[in-house]
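Q: coords please:
(4 chains)
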Protein chains: 2
Amino acid sequence: MATDEATYHHGNLRAELLEAGLALVRTGGPEALSLREATRAVGVTPSAAYRHFGSRNALLAAISSAVHDRMAETILRHWPSQEGRAWDRLYAVGMGYIEFALAEPGWFAAFFTEPGDGDRSPSRVPPPFALLTEALDGMVEARLLTPQTRLGAEWPCWSAVHGFAQLAIAGPLRGRSDLELRHLADQTVRAAIDGVSAHS
Amino acid sequence: MATDEATYHHGNLRAELLEAGLALVRTGGPEALSLREATRAVGVTPSAAYRHFGSRNALLAAISSAVHDRMAETILRHWPSQEGRAWDRLYAVGMGYIEFALAEPGWFAAFFTEPGDGDRSPSRVPPPFALLTEALDGMVEARLLTPQTRLGAEWPCWSAVHGFAQLAIAGPLRGRSDLELRHLADQTVRAAIDGVSAHS
DNA sequence: CTCAGATGTGAACACCGTGAACATCGGCTA
DNA sequence: TAGCCGATGTTCACGGTGTTCACATCTGAG
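A: Numbering: from 1, shown residues only, chains lettered A, B, ... in the order given. This next block holds a predicted model:
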């Protein structure tokens, strides 16, 4: 629909601001999010944003939440469908996490945003985390993990993939070829899985 | 001394700006670094900073580099002195990394800063990384790692500790008690070491 | 049909990074 | 020793930012 209807009331400003913000963050990371530019993009005054978000940080938090959802969708797209592939599922969660981060570095940089001041949305468990716990539970069912080693296994796993993404995007691994990054990611995810199941 | 930063003419603005910047970043992270506030703190005009740093980002890069040095010092303080403690050394590197991050979250947030525009300082290998490679080489000498598994082992290790720090500072682990964090850090570092040495 | 609440506007404030022209001062050379 | 040149710091200005507050406008419930 063409957007030249000059109504005083915009209609769904909140959704469009979120979308404009997502576009800004996508290309430039969280630093590139500008309230003024986002409002400019949707043809509205800067102050209008404050009817829907308590602050720039609140908008950023909403963006971060939307990014979590998109990552979960990406991971689910690579989700092994058959039963009895517990190891493959855990591997897919790890590699999916990293692939999303490499494909959308700007979004990934906004992954952890502290709620801050004017944020009203309830902080929830990030969807990718839910997939990780599910995959780890599957490892126990498949007897690849004991209930003992299962305890707290989320954190070594999440740490490994999140850290790798950070190293590859902003750290000393930046600039390496996609092929090399994919190989190192594979090594890292395997090491993480081996690490949590070492004494099983 | 080959150090050129000492007293060109009058004061040592460069060093004092760096120190003021370190203080700013320490409490508020990289976002809190303000060229104007740093110059204000040392009693100088904003533009004066541009005689020593090409841009705000260049100052931030210098700060980041200084933070790397401080972390390396922290790690070295926990360095097992005796020979033949290869595993302990690797463990100490990992735990030292995490402890520094938890103790100085503001500094740690500035850890990876892309050089950007007006930055002239040569990008070097971060000192903590040098300690990691040294510790891993020690693992090979102690036959706890094969030359085969040694290849690229830096990345799973660094990923794990860096990711854990991120999760604990800005991510879903924020707010957990120090005791719990220390326990999870221990678990994560052990898993990382087990992971890289799984098939040795 | 009315009017109260939700939504968007306009102007203003206090910051910020950055650049250009100008002032100052110390060390090297003649 | 005189004098200049380059390094250092200042002054002023520009355009950008988040945020607030009083005001204008629209919309839906009674």
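Q: C-alpha from now on. contacts and neighbour counts both.
A: Fine.
Q: Other residues contacting the strand or helix carrying residue A:100?
A: In this structure, residue A:100 is located in helix A:86-103 according to DSSP states H and E. Counting by Cα atoms under 8 Å, 6 or more residues apart in numbering or on different chains, helix A:86-103 makes contact with A:71, A:74-75, A:78-80, A:107-108, A:128, A:131-132, A:135-136, A:138-139, A:142, A:144, A:157-158, A:161-162, A:164-165, A:168-169, A:185-186, A:189-190, A:193, all of which sit outside it.
Q: What helices and strands are in contact with the helix or strand following it?
A: The element immediately downstream of helix A:86-103 (helix or strand, assigned by DSSP H and E) is helix A:105-109. Here helix A:105-109 touches helix A:13-28, helix A:56-77, helix A:86-103, going by 3 or more Cα pairs under 8 Å, 6 or more residues apart in numbering or on different chains; DSSP states H and E.
Q: Show me what secondary structure element comes after helix A:105-109.
A: Downstream of helix A:105-109, the first helix or strand assigned by DSSP H and E is helix A:127-141.
Q: So which bits of that following helix are buried?
A: Residues of helix A:127-141 classed as buried by neighbour count (16 or more other Cα atoms under 10 Å in any protein chain shown): A:127-129, A:131-133, A:135-140.
Q: Give me the packing partners of that helix, helices and strands only.
A: In terms of contact count using 3+ Cα pairs under 8 Å, 6+ apart, helix A:127-141 is assigned the packing partners helix A:56-77, helix A:86-103, helix A:147-150, helix A:154-169.
Q: Restrict the contacts of helix A:86-103 to the buried ones and give me that as a PyMOL selection.
A: Burial among the contacts of helix A:86-103 is assessed by 16+ other Cα under 10 Å; the matching PyMOL selection reads:
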select buried, chain A and resi 71+74+75+79+80+107+108+128+131+132+135+136+138+139+144+157+158+161+162+164+165+168+169+185+186+189+190+193
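Q: before we move on, the earlier item: tell me the buried residues in the helix holding residue A:100?
A: Buried residues in helix A:86-103, counted by 16+ other Cα under 10 Å: A:86-87, A:89-102.
Q: same question, stretch A:42-51
A: Within stretch A:42-51, the residues that count as buried by 16+ other Cα under 10 Å are A:44, A:49-50.
Q: got a list of what the residue most central in space within chain A touches?
A: For chain A, the residue whose C-alpha lies nearest the mean C-alpha position (Cα atoms, centre = their mean) is residue A:68; its distance is 3.9 Å. Residue A:68 makes contact with A:111, A:126-128 under the criterion Cα under 8 Å, 6+ apart.
Q: Quick check: the nearest residue to residue A:69 once chain neighbours are set aside vs residue A:57, distance?
A: The shortest distance from residue A:69 to any residue other than its chain neighbours is 6.3 Å, reached at residue A:127 (Cα to Cα, 6 or more residues apart in numbering or on different chains). For residue A:127, the distance to residue A:57 equals 21 Å [Cα to Cα, to the nearest Å].
Q: do residue A:38 as well
A: Taking Cα to Cα as the measure, residue A:38 falls 13 Å from residue A:57.
Q: The two: which is more packed in?
A: Applying other Cα atoms under 10 Å in any protein chain shown to residue A:38 and residue A:57 shows that residue A:38 carries more neighbours, namely 23 against 20.
Q: Is it correct that the more buried one is in contact with residue A:25?
A: No - the pair residue A:38 and residue A:25 fails to qualify as a contact (Cα atoms under 8 Å) at a distance of 10.4 Å.
Q: State the distance from residue A:49 to residue A:56.
A: When distance is defined by Cα to Cα, residue A:49 is 9 Å away from residue A:56.
Q: what residues are shared contacts of those two?
A: With the criterion set as Cα under 8 Å, 6+ apart, the overlap between the contacts of residue A:49 and residue A:56 is residue A:35.
Q: hmm, back to that, need the contacts of residue A:68 in CSV with distance to residue A:15 and pLDDT, can you?
A: Putting these into CSV (distance: Cα to Cα, whole Å; pLDDT from 0 to 100) gives the following:
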residue, distance to residue A:15, pLDDT
A:111, 19, 95
A:126, 20, 76
A:127, 20, 86
A:128, 23, 89
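Q: contacting residues for residue A:67?
A: Residue A:67 makes contacts with A:107-108, A:111, as judged by Cα under 8 Å, 6+ apart.
Q: so residue A:28 sits right up against residue A:106, yeah?
A: Yes - applying Cα under 8 Å as the test, residue A:28 and residue A:106 come out as touching, 5.7 Å apart.
Q: quick one, what contacts the residue nearest to residue A:56 when sequence neighbours are not counted?
A: Of all residues not flanking residue A:56 in the chain, residue A:35 sits nearest, at 6.2 Å (Cα to Cα, 6+ apart). Under the criterion of Cα under 8 Å, 6+ apart, the contact list for residue A:35 reads A:46, A:49, A:56.
Q: Chain B: which of these is nearest?
A: Checking these against chain B with Cα to the nearest Cα, the nearest one is residue A:56 at 13.8 Å.
Q: Near DNA strand C, which residues of chain A? Just list them.
A: Where proximity means Cα under 7 Å from any atom of the strand, the interface of chain A facing DNA strand C comprises A:8-13, A:43-49, A:51-52.
Q: taking the residues you listed one by one, which sit in helices?
A: residue A:13 (DSSP state H).
Q: And residue A:102, how far from DNA strand C?
A: In this view, residue A:102 and DNA strand C are 27 Å apart by Cα to the nearest atom of the strand, to the nearest Å.
Q: typo on my end, residue A:58
A: In this structure, residue A:58 and DNA strand C are 16 Å apart, going by Cα to the nearest atom of the strand.
Q: Then residue A:15?
A: Taking Cα to the nearest atom of the strand as the criterion, residue A:15 is separated from DNA strand C by 10 Å.
Q: burial measure for that residue, as a count.
A: Using other Cα under 10 Å, the number of residues around residue A:15 comes to 11.
Q: In terms of pLDDT, where does it sit?
A: Here, the pLDDT recorded for residue A:15 equals 96.
Q: quick one: contacts for it?
A: Contact analysis of residue A:15 by Cα under 8 Å, 6+ apart lists nothing.
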